[in-house]
Structures are given as C-alpha cells and as structure tokens.
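Undergrad: A structural model of the following input is requested.
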Amino acid sequence: MEGSTFLQAISLNKAYPDTINSGVKNINLTIQKGKITAIIGESGSGKSTLLKLLYGLLSPDEGKVYFENERVWGPEVKLIPGHDSMKMVTQSNDDLNLFAKVWENVAALLPNNNLLAKNEKTEAILKQLKMYHLAKKKVVELSGGEKQRVAIARALITNPKVLFLDEPFNQVDSSFREGLQQDIREIVKQTGLTVIIVSHDPAEVLSMADELLVLKHGEIIESGTPKSIYHAPSNLYSAQLLTNCNILNPDEAKICGIKTKESFVVIYPQWIKTSRSTLNEGWYIKQILFKGNYEDLLIEKEGLTLRLLNDQFGKYTEGENIAIKIKNWIGFQ
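TA: Presented below is the predicted three-dimensional model:
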C-alpha cells in the first residue's frame, strides 16, 4: 500500500446467503485517528457486520482491512479473533464475570508483575468513568448502565488504539447516557483513542461523533460531520434517520405553500413557526403532546398533518386556529 493510513477498508463485501438486506457491499472507508466515528443505519443495514470486519472478528468474502498499513486478518488466520491493538464492547457484556467485583473485572487484564502500577491504573480508569464508588460491588448487583461502564473500563484498561462500541447505550438510563458520552469524549481528547460506534438511535451520537457514516442495505450512502449531514442530508433516508421530520409529496407541499418538482419535501419540526391567526388560514391544532422540555403540536389542514415543536407551554389549546411560516425545507427526488 502507498501512503500512511490508520484504519482503512478497501472494497469490503460480506454476504449472508440465508438473509435479506444484511452484510455489507463494496465498503471503502478511512477512519481518522483520534476521532469518534459513528456508523448509523436501520436495523439490518450491516452496521455490526462492518464493525466485526474492521476488528477482525469476521473475514470478508472480498476486500481487505488495514490497520497502520498492516493487514487485519480474520478468524481463518488468527487463532484468537480480533486485532491486538483494538477492543470491542457490545451491549451483551458477555466477557464480564458477574460474580466478581467491579475492581476485579477491570483489573483482570493487567499483568501482576507490578501490583502497585496495576492498582494505580485500575483506580484511575474507575475514577475517570465515575464508578470508583462501585469498585467493591459485584457486577451482578449493578444496573445495566453500570455494567456497561464496567465493560468500557475493562476495554480501556489495556490502552487500545481503537475502541469499537456496538450499541453501547442501549441499557444505559437516559439520565446517565449523556454523562457516559462526555466521559468517552474526554478520554478521546486526553489519550488520542480512536472510537468507532454503532447506534440504532442516531440522535444520541449527534453530539458525540466527529464523523458520521450512513449505511443502507450494506452500503455507505453518505458521510460527513454530524452537523453537515443533519442540516443538509443528501438523501431522504439520512433525513429520516436523524430527525422525526415531516415528509410530504408535491400535493401536500402545495398545501403548505411550497411549489416544487421534487418527489419529496422534508420539513424539520423546528422549521415551522406558528402565530395566532385572526384570519382562518385553514390550520388548526389537532393535538398537543407533552414531551418534557417542549410540546409536540400536531396541526392539520385539508387532511394534512404536520408535526412541530413548541416550547411556550400553555400558549395554544387544541382546536385553536393558527397561522404558520415554514422557514426552511429540503427537496429530494
């Protein structure tokens, strides 16, 4: 290979003959060192398969993976699958000893030739992930989110160069999820660790990832920063993944005052602004749904229902006539 690469996949193909819309097709990508890359897509889009191919847990039918310009071999070549400089954490936490203490689980992968250094390093990683107070608890006594933190600490204790996270926040309560994401970002910042994460909920990685890869039916259809893809997705699939948007056909768009030759018009809920209407413009509030920090307003006109956001609680009531202004929209063929 020419040039210097960190982690690279070239023309990867992996098929599962007995299933539909799984595996990956013609994957070409380069992972940036010291960054967080998120792979997003619907269930069955090939996200976990791609992770396993990059790590060396699976062998591709075609194509190659290189890490620091050396081939990553799969289980048909490597006796113990998985690259030595990488670690993977899944939502199952199968490698945890449930009846051992948190400290023992995390420290287990370190050698015993320097017990002082082993203890210092274990204490440091537990404090870094804000779980030192759990050190003497058995893993079986922990919540799902706490177990996930133990699994991440166990993976990080050996200083891997790449950390793979496969649906890491599934069992983590929403109140702790953001804190864990911030901890991982801080570790990346401090150590230069490279993180590749798969998530079924793309919204949770928007603030965490440096780069997004959008996977559909096993193919990468879009890549870029979270902000660029969110504000200007190149396809309808990405827009649907990243937000609960309004999707209209041309006739429905015309009801909103939008004339277009595009096949679909996407309007994000926050792009619709409302005001009280002295004239009957046809829009009325069909339903108000309390969402905690905001309300979902479902408004209707001529059989078309739009969803929009309202943070002014009590401003509107169901059945009230309103006027709307659409600040932005995106068209797709």
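
Undergrad: could you give me the average pLDDT of stretch 209-226?
TA: For stretch 209-226, mean pLDDT rounds to 95.

Undergrad: now do stretch 117-124
TA: 94.

Undergrad: any residues touching that stretch, and which ones?
TA: W103, V106, A107, L110, P111, N112, Y132, A135, I157 (CB atoms under 8 Å, 6 or more residues apart in numbering). Any C-beta I mention is one placed from the backbone N, CA and C, and that applies to glycine too.

Undergrad: just those now: which is nearest Q190?
TA: I157 (14.9 Å; CB to CB).

Undergrad: Report the distance from stretch 287-302 to the chain centre.
TA: Distance of stretch 287-302 from its chain centroid, counting by CA atoms, centre = their mean, to the nearest Å, is 26 Å.

Undergrad: Touching it from outside, list them.
TA: Here stretch 287-302 makes contact (CB under 8 Å, 6+ apart) with 255, 269, 274, 281-286, 305-311, 313, 316-318, 322, 324.

Undergrad: Quick check: buried residues in the lengthiest helix in the chain?
TA: Counting by DSSP state H, the longest helix found in the chain is helix 174-191. By neighbour count with 16 or more other CB atoms under 10 Å, helix 174-191 contains the buried residues F176, R177, L180, Q181, D183, I184, R185, I187, V188.

Undergrad: re earlier: quick one, which of the contacts of stretch 287-302 are buried?
TA: 269, 274, 283-285, 306-310, 316, 322, 324.

Undergrad: Tell me which of these fall in strands.
TA: With DSSP state E as the criterion, strands contain T274, W283, Y284, I285, L306, R307, L308, L309, N310, I322, I324 from among the buried ones among the contacts of stretch 287-302.

Undergrad: What I need now is those written out in CSV, including distance to L163 and pLDDT for each item.
TA: Shown next, in CSV, are those (distance: CB to CB, whole Å; pLDDT from 0 to 100):
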residue, distance to L163, pLDDT
T274, 44, 90
W283, 49, 92
Y284, 51, 92
I285, 47, 94
L306, 41, 96
R307, 37, 96
L308, 39, 95
L309, 35, 93
N310, 40, 91
I322, 48, 91
I324, 45, 92
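
Undergrad: re earlier: now distance to L236 too, for the buried residues of helix 174-191, in CSV please.
TA: Shown next, in CSV, are those (distance: CB to CB, whole Å):
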residue, distance to L236
F176, 33
R177, 28
L180, 31
Q181, 27
D183, 34
I184, 31
R185, 30
I187, 35
V188, 32
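
Undergrad: which of these lies closest to E42?
TA: Closest approach between the buried residues of helix 174-191 and E42, by CB to CB: R177, at 21.0 Å.

Undergrad: Grab the nearest non-local neighbour of the closest one.
TA: Of all residues not flanking R177 in the chain, F169 sits nearest, at 5.1 Å (CB to CB, 6 or more residues apart in numbering).

Undergrad: quick one: F6 from L165, how far?
TA: From F6 across to L165, the span is 17 Å (CB to CB, to the nearest Å).

Undergrad: Give me the more crowded residue out of the two.
TA: Higher neighbour count among F6 and L165: L165, with 25 against 17, using other CB atoms under 10 Å.

Undergrad: Run the chain-centre distance for stretch 271-287.
TA: 35 Å.

Undergrad: Just the element for L12, please.
TA: strand 7-14 (DSSP states H and E).

Undergrad: CA-only coordinates of that strand in PDB, if you can.
TA: The C-alpha coordinates for strand 7-14 follow below in PDB (Å, rounded to 0.1, in the frame of the first residue of the first chain):
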ATOM      1  CA  LEU A   7      -7.600   2.200   9.700                       C
ATOM      2  CA  GLN A   8      -8.800   1.500   6.200                       C
ATOM      3  CA  ALA A   9     -11.300  -0.800   4.400                       C
ATOM      4  CA  ILE A  10     -10.900  -1.500   0.700                       C
ATOM      5  CA  SER A  11     -13.800  -3.000  -1.300                       C
ATOM      6  CA  LEU A  12     -15.200  -5.000   1.600                       C
ATOM      7  CA  ASN A  13     -18.000  -7.400   0.800                       C
ATOM      8  CA  LYS A  14     -19.700  -9.800   3.200                       C
END
